[in-house]
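# Got a predicted model here, sequence first, then my questions.
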Amino acid sequence: MMVFINAGHAPNGHPDPGACSRSTGLRECDVALKVGELTAKYLNAVGIETVVHQNDILSEVCSKANSLEADLFISIHCNSVESPYAEGTETWYCNGSQQGRLLAECIQDQIVDSLNTVDRGIKVAVPGRNGLYVLTNTDMPAVLVELAFISNEDDEKLLRNNQDDFARAIARGVTDYL
């Protein structure tokens, strides 16, 4: 069993750090990488092989996951909007992927239950409409996890202070799925 973990956005934030907190400067790329590395550590501890990869060239991300013939694909991100009031966790999967849906449900439930984030639910990526490239161009069950809103003060504190808790929840979601 191999889980490919895509830490969202560019390594070291160049050229794309993803979303950034206006109040603290916390960068999505840094949170995604740390949570991804910690998730890998917990999955490795129970005998699940992992690859953590951060790259803002999405075709390369998908190509690498596909060429490794990973069994699962997890992309980790932080959400952000102009409104400081949006909050919570959502997990996306590709339309038509029942295994992707199940993995999304398992991870979503673990994060919401463990960190008490607002449950924004699981969402469906539809090719040609809101396809989320990494979900529609990987050959294995795939999910994209929006941990919380980096643009919301309370969620940002969780993203800054509870990265280990997010990682443990994602790892438990994977083991629940298996």
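Perfect, thanks for sending it.
# Could you look up the SS state of the residue lying farthest from the centre of the chain?
Relative to the mean C-alpha coordinate of the chain, counting by CA atoms, centre = their mean, the farthest residue is Ser23 (22.8 Å). At Ser23 the chain is in coil, as set by DSSP: H, G, I helix; E, B strand; the rest coil.
# how about it, phi and psi?
Note on Ser23: its backbone torsions stand at phi -90, psi -30 [degrees, to the nearest 10].
# middle-most residue in this protein, spatially?
Of all residues in the chain, the one closest to the mean position by CA atoms, centre = their mean is Ile76, 2.1 Å from it.
# Could I get the full set of strands for the chain?
2-7, 49-53, 72-79, 89-94, 119-125, 142-149 (DSSP state E).
# right, so of these, which gets closest to Lys64?
strand 49-53 (5.9 Å; CB to CB). The way it works is simple: take the backbone N, C-alpha and C, and place the C-beta from them, glycine included.
# What is the closest one packed up against?
Here strand 49-53 touches strand 2-7, helix 28-45, helix 58-67, going by 3 or more CB pairs under 8 Å, 6 or more residues apart in numbering; DSSP states H and E.
# now the angle from the shortest one to helix 58-67?
Using axes from the mean of the first three to the mean of the last three CA atoms, to 10 degrees, the direction of strand 2-7 lies 170 degrees away from that of helix 58-67.
# about what we covered before: how much space between the residue nearest to the centre of the chain and Leu115?
Computed as CB to CB, to the nearest Å, the Ile76 to Leu115 distance reads 14 Å.
# Next: Gly131.
Going from Gly131 to Leu115 by CB to CB gives 28 Å.
# Lys157 too?
Counting by CB to CB - Lys157 and Leu115 are separated by 11 Å.
# okay, the two: which has more neighbours?
Taking neighbours as other CB atoms under 10 Å, Lys157 and Leu115 compare with Leu115 leading, 18 against 14.
# Correct me if wrong: the more buried one contacts Asn161.
No - using CB atoms under 8 Å, Leu115 is not in contact with Asn161; the gap is 10.6 Å.
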